[in-house]
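>>> what's the 3D shape of this:
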Amino acid sequence: MSQSLPVTFAEVRAAAERLRGVAHHTPVLTSRTLNALVGREVFFKCENFQRGGSFKFRGAYNRLAQLSAAERARGVVAFSSGNHAQGVALAARLWGIRATIVMPDDAPLVKIEATRGYGAEIVVYNRLTGNREALARELVEARGAILVPPFNDPHIIAGQGTAALELLTDVPDLDALIAPVGGGGLLAGCAIAAKHLQPAIQLFGVEAVGADDARQSLQRGEIVHISPPMTIADGIRTQAIGTLTFPILRALVNDIVLVNDEEILDAVRFALTRLKIVVEPTGAVPIAAVMQQRLPADCRRVGIIVSGGNISEQVLRML
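Residues are numbered from 1 along each chain as shown. Just a heads-up that it's a prediction; the model follows:
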């Protein structure tokens with residue numbers, strides 16, 4: 001692995017030490033039914049059981065843990081459709097830091113309420129007409145706060161990579177690891193960890209049809225910006241991957257595959273009825289990819305990062 005990448009395995013390992021005793025070491029589940037259905041051994045790393053309901057707590061806590069006392073006193077600002085919002089809000093509460101979160105007005109109500117419940121101030125914007133990053137930077141400048149981006153930060157990426165570090169510690173010798181891709185922080189961090197621990201492992205990202213900015217970016221060799229995408233998987237409705245995550249994905253990831261909303265809902269339903277776990281649509285994206293046989297045949301033992309479980313009542317009614 002190239003040492004010129006923006007994040008190193010040593011940083012992932014250091015993040016794991018900061019998170020020890022704070023983040024949950026989430027369980028790994030299996031399903032004989034799914035294994036028989038797809039002809040593979042599948043291992044679900046259940047970040048839906050993480051604090052805040054998703055993997056995002058890992059990166060947020062790792063970022064805030066490295067702020068100085070003076071920086072913590074200034075407060076933090078983040079922008080997010082939901083899970084990063086909750087992760088930052090919870091981590092900020094643990095550190096006694098004031099948090100302000102910029103969220104789209106169409107974010108799932110369950111995520112807005114949870115973020116507010118952790119004590120954060122919420123500033124709402126329109127996803128189609130507003131610029132969340134610009135609004136967040138205005139707040140940072142006006143308040144003198146620290147910006148905590150959702151994915152384009154080395155400490156965030158390293159924190160997310162601890163999910164793969166745990167998975168491969170619990171279940172070694174995987175042929176492939178698969179995760180959803182929004183801004184790329186989860187997949188980038190997991191790729192750093194996985195390739196260090198198991199150099200031969202194949203890495204795959206999954207996007208929703210119509211939200212395939214990462215796939216287009218890897219195909220073109222440059223970051224591609226798309227219009228605000230519409231998909232039930234709200235956690236991956238990003239318009240572009242990060243300048244830090246892109247080189248990691250380009251260097252380490254084998255492919256980005258696509259699933260549609262119907263396939264995503266089928267995966268949510270399968271997780272609920274057969275695994276007996278609640279998985280939000282974004283968390284079900286890689287499950288859908290495995291169920292729809294989007295991986296190469298030689299990937300016999302597959303690890304799935306189930307990214308979160310913060311599902312809305314609206315989606316539950318669709319099942």
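>>> contacts, neighbours, all on C-alpha from now
OK.
>>> Excluding covalently adjacent residues, which one is nearest to Asn131?
Nearest non-adjacent residue to Asn131, counting by C-alpha to C-alpha, 6 or more residues apart in numbering: Tyr125, 7.9 Å away.
>>> Do I have it right that the one you found meets Met103?
Yes - counting by C-alpha atoms under 8 Å, Tyr125 does reach Met103; the two are 6.3 Å apart.
>>> Just want to know which of those two has more residues nearby.
Met103 (25 against 16; other C-alpha atoms under 10 Å).
>>> so who does that one touch?
For Met103, the contact set (C-alpha atoms under 8 Å, 6 or more residues apart in numbering) comprises 79-82, 85, 112, 122-125, 132.
>>> Output those residues as CSV; include the columns secondary structure and pLDDT.
Below are the contacts of Met103 laid out as CSV (DSSP: H, G, I helix; E, B strand; the rest coil; pLDDT from 0 to 100):
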residue, secondary structure, pLDDT
Phe79, strand, 91
Ser80, coil, 87
Ser81, coil, 76
Gly82, coil, 82
Ala85, helix, 93
Ile112, helix, 90
Ile122, strand, 95
Val123, strand, 93
Val124, strand, 91
Tyr125, strand, 91
Arg132, helix, 84
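>>> what sits in contact with each of Tyr125 and Met103?
In contact with both Tyr125 and Met103: Arg132, using C-alpha under 8 Å, 6+ apart.
>>> mind listing the helices for this structure?
For the chain, applying DSSP state H gives helices covering 9-19, 32-38, 56-65, 69-74, 83-95, 109-117, 132-143, 154-170, 185-197, 213-220, 245-252, 261-270, 281-291, 313-318.
>>> picking that back up, ok, which pair from the contacts of Met103 is furthest apart?
Ile112 and Arg132 (15.4 Å; C-alpha to C-alpha).
>>> quick one: the residue nearest the centre of the chain and Ile178, what's the gap?
Nearest to the mean C-alpha position of the chain, by C-alpha atoms, centre = their mean, lies Leu186 at 4.5 Å. From Leu186 across to Ile178, the span is 10 Å (C-alpha to C-alpha, to the nearest Å).
>>> who wins for most neighbours among the contacts of Met103?
Neighbour max across these (other C-alpha under 10 Å) = Ala85, 33 neighbours.
>>> The residue nearest to the centre of the chain is in contact with Leu165, isn't it?
No - contact status for Leu186 versus Leu165: not in contact, 11.9 Å apart, counting by C-alpha under 8 Å.
>>> The closest residue to Ala60 other than its chain neighbours: neighbouring residues, count only.
Once flanking residues are discounted, Ala60 sits nearest to Val88: 5.1 Å by C-alpha to C-alpha, 6+ apart. Neighbour count for Val88, taken as other C-alpha under 10 Å: 35.
>>> Just give the closest residue to Arg58, not the sequence neighbours.
In space, Arg58 is closest to Gly159, 4.9 Å off (C-alpha to C-alpha, 6+ apart).
>>> Please list all residues in contact with the one you found.
Counting by C-alpha under 8 Å, 6+ apart, Gly159 has contacts 12, 15-16, 58-63, 189.
>>> Next, give me the two most distant ones among these.
Tyr61 and Gly189 (14.7 Å).
>>> Neighbour count for those two, which is higher?
Taking neighbours as other C-alpha under 10 Å, Tyr61 and Gly189 compare with Gly189 leading, 32 against 26.
>>> got a list of what Val278 touches?
The neighbours of Val278, taking C-alpha under 8 Å, 6+ apart as the test, are 48, 268, 271-272, 309, 311.
>>> any idea how far the closest residue to the residue nearest to the centre of the chain other than its chain neighbours is from Arg317?
What sits nearest to Leu186 in space, not counting adjacent residues and going by C-alpha to C-alpha, 6+ apart, is Gln160, at 5.2 Å. For Gln160, the distance to Arg317 equals 30 Å [C-alpha to C-alpha].
>>> For the contacts of Gly159, give me TSV that also has distance to Arg237.
Converted to TSV, the contacts of Gly159 look like this (distance: C-alpha to C-alpha, whole Å):
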residue	distance to Arg237
Val12	26
Ala15	27
Ala16	28
Arg58	20
Gly59	19
Ala60	19
Tyr61	23
Asn62	24
Arg63	23
Gly189	19
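>>> domains for this protein, by residue range?
9-54+153-318, 57-147 (automatic domain parsing).
>>> which stretch in those has the least confidence?
Of all these, domain 57-147 carries the lowest average pLDDT, namely a mean of 93.
>>> now for that one, what's the gap between its first and last residues?
16 Å.
>>> which ones are touching Ala145?
71, 74-77, 139 are the contacts of Ala145 under C-alpha under 8 Å, 6+ apart.
>>> Can you flag the buried ones in those?
Buried members of those, counted by 16 or more other C-alpha atoms under 10 Å: 74-77, 139.
>>> Ala60 versus the closest residue to Leu147 other than its chain neighbours, what's the distance?
In this structure, Leu147 finds its nearest non-sequential neighbour in Val77, 4.9 Å apart by C-alpha to C-alpha, 6+ apart. For Val77, the distance to Ala60 (C-alpha to C-alpha) stands at 11 Å.
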